[in-house]
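Structure of the sequence below:
(2 chains)
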Amino acid sequence: MKARVFITLKNGVLDPQGKAIHHALEGLGFSGVNDVRAGKLIELDLADGTADSEIEEMCRKLLANTVIENFRIERLETASA
Amino acid sequence: MKTAVIVFPGSNCDRDLAVALEQVTGRKPEMVWHRETALPDGVDFIGVPGGFSYGDYLRSGAMAARSPVMQAVKEAAGRGVPVIGICNGFQVLTEAGMLPGALMRNARLSFVCRPVPLRVENSQSLFTAQYDANEQILLPVAHHDGNYQADEDTLDRLEGEGRVAFRYLDEVNGSARRIAGILNDAGNVLGLMPHPERVVEPAHGGTDGVRLFLGLLETVNA
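Numbers count the residues shown, from 1 in each chain, chains lettered A, B, ... in the order given. I've put the predicted structure just below:
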């Protein structure tokens, strides 16, 4: 089974990379962008039956720094061949 | 004083720190590879050096903080052994949960590499006892992720408990309250972005870093 982990900066945490992307978009003439926040996507290929709690533990122990980041887990249910 | 310097893949200030420690203590530090699960017996001081451990993958310091040797470093810190984390070492200590907060990308995105003036905010700590209260010193910085951030309660607590050890005099990287270095609650763990080990002899262009190590030596030998 596969899972995706989305890691985003918490609200209120300054995101200099998002700001730079925002400025670059404006430089390209895209005027309708109100804000940009950059994050990370991590794809995990997991043993079947890996518990949600275990994926959450992976996030808390390593994948996200919960001082500044939030995480969201999305399981991709794949048909077993 | 028996010292140890932790070496991760991608550390690049480990030898500078070793030279500074040898100069001050008269004894070569033990260089401890990140895969070790124990520190040499009787270590009086541990340095976590600057660099780009694990290529800054995932987050600066994130991988190094989970490497085997860090468990031993945490245990030693818990016993009161002084630990300093410089630059990437500071990032490693925050990622390891040994210091509060996080070091984020510099607010203006650029790598900052220059000497910066600092104020010694706490001259009573293990690490800063040889500096005068509110003394201004000049230490070099060289980092991309030095923007110290923590929630307001944590910042207030750090200020209130005298745990802000060094503060930038000018805007350098966007750090909350211009914090350059902090202490843990027991006072035996210091993390700072500037590099005291790079200014320990006149040929370096300054010697403001040497008193940090001399102060430690005095405390440990006392």
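
use CA for all of it now, contacts and neighbours both
Fine.

Which parts of chain B are helices?
B:14-25, B:62-65, B:68-78, B:88-95, B:152-160, B:210-221 (DSSP state H).

Could you single out the most deeply buried of those helices?
helix B:88-95 (a mean of 29; mean count of other C-alpha atoms under 10 Å in any protein chain shown).

Which strands or helices does that helix pack on?
strand B:45-48, helix B:62-65, strand B:83-86, strand B:102-104, strand B:189-192 (3 or more C-alpha pairs under 8 Å, 6 or more residues apart in numbering or on different chains; DSSP states H and E).

how does it look with 6 Å?
helix B:62-65 (3 or more C-alpha pairs under 6 Å, 6 or more residues apart in numbering or on different chains; DSSP states H and E).

any residue of the helix it packs on up close to chain A?
No. Judged by C-alpha under 6 Å from any C-alpha of the partner chain, helix B:62-65 and chain A are separated, with a smallest distance of 7.1 Å.

helices or strands up against that helix?
For helix B:62-65, the elements it packs on are helix B:88-95, judged by 3+ C-alpha pairs under 6 Å, 6+ apart.

measure the residue in chain B that chain A sits nearest to to B:Cys87 for me?
At 5.6 Å from chain A, B:Ala107 is the closest residue in chain B, using C-alpha to the nearest C-alpha. Look at B:Ala107 and B:Cys87: by C-alpha to C-alpha, to the nearest Å, they are 16 Å apart.

if we can go back for a sec, mean pLDDT lowest where, among the helices of chain B?
Ranked by mean pLDDT, those end with helix B:210-221 in last place, scoring a mean of 91.

Look up the closest residue to the one residue in chain A that gets nearest to chain B, ignoring the ones flanking it.
Closest to chain B within chain A is A:Pro16: 5.6 Å, counting by C-alpha to the nearest C-alpha. Spatially, and ignoring its direct neighbours in sequence, A:Pro16 is nearest to B:Ala107 (5.6 Å; C-alpha to C-alpha, 6 or more residues apart in numbering or on different chains).

does the one you found really touch B:Gly174, like I thought?
Yes. B:Ala107 is in contact with B:Gly174 according to C-alpha atoms under 6 Å; the separation is 4.9 Å.

For chain A, which residues are neighbours of chain B?
A:Pro16.

Below-threshold pLDDT in the chain: ranges please.
You didn't say which chain, so I picked chain A. A:78-81 (pLDDT under 70).

now the helices: where do they sit in it?
Going by DSSP H, chain A shows helices at A:16-27, A:52-58.

Show me which positions of the shortest one end up buried.
The one in question is helix A:52-58. A:Ile55, A:Glu56 (16 or more other C-alpha atoms under 10 Å in any protein chain shown).

Next: stretch B:30-39.
Buried-residue list, stretch B:30-39, by 16+ other C-alpha under 10 Å: B:Glu30, B:Met31, B:Val32, B:Trp33, B:His34, B:Ala38, B:Leu39.

Also stretch A:4-16?
Here stretch A:4-16 shows A:Arg4, A:Val5, A:Phe6, A:Ile7, A:Thr8, A:Leu9, A:Leu14, A:Asp15, A:Pro16 as buried, counting by 16+ other C-alpha under 10 Å.

Could you check how many residues crowd around the residue of chain B closest to chain A?
Neighbourhood size, B:Ala107 [other C-alpha atoms under 10 Å in any protein chain shown]: 21.

returning to what we had before: next up, the contacts around the residue nearest to A:Pro16.
The contact partners of B:Ala107, by C-alpha atoms under 6 Å, 6 or more residues apart in numbering or on different chains, come to A:Pro16, B:Asn173, B:Gly174.

Near the residue nearest to the second one when sequence neighbours are not counted, how many other residues are there?
The one in question is B:Asn173. The spatially closest residue to B:Asn173, leaving aside those adjacent along the chain, is B:Asn106, at 4.7 Å (C-alpha to C-alpha, 6+ apart). By the criterion of other C-alpha under 10 Å, B:Asn106 has 22 neighbours.
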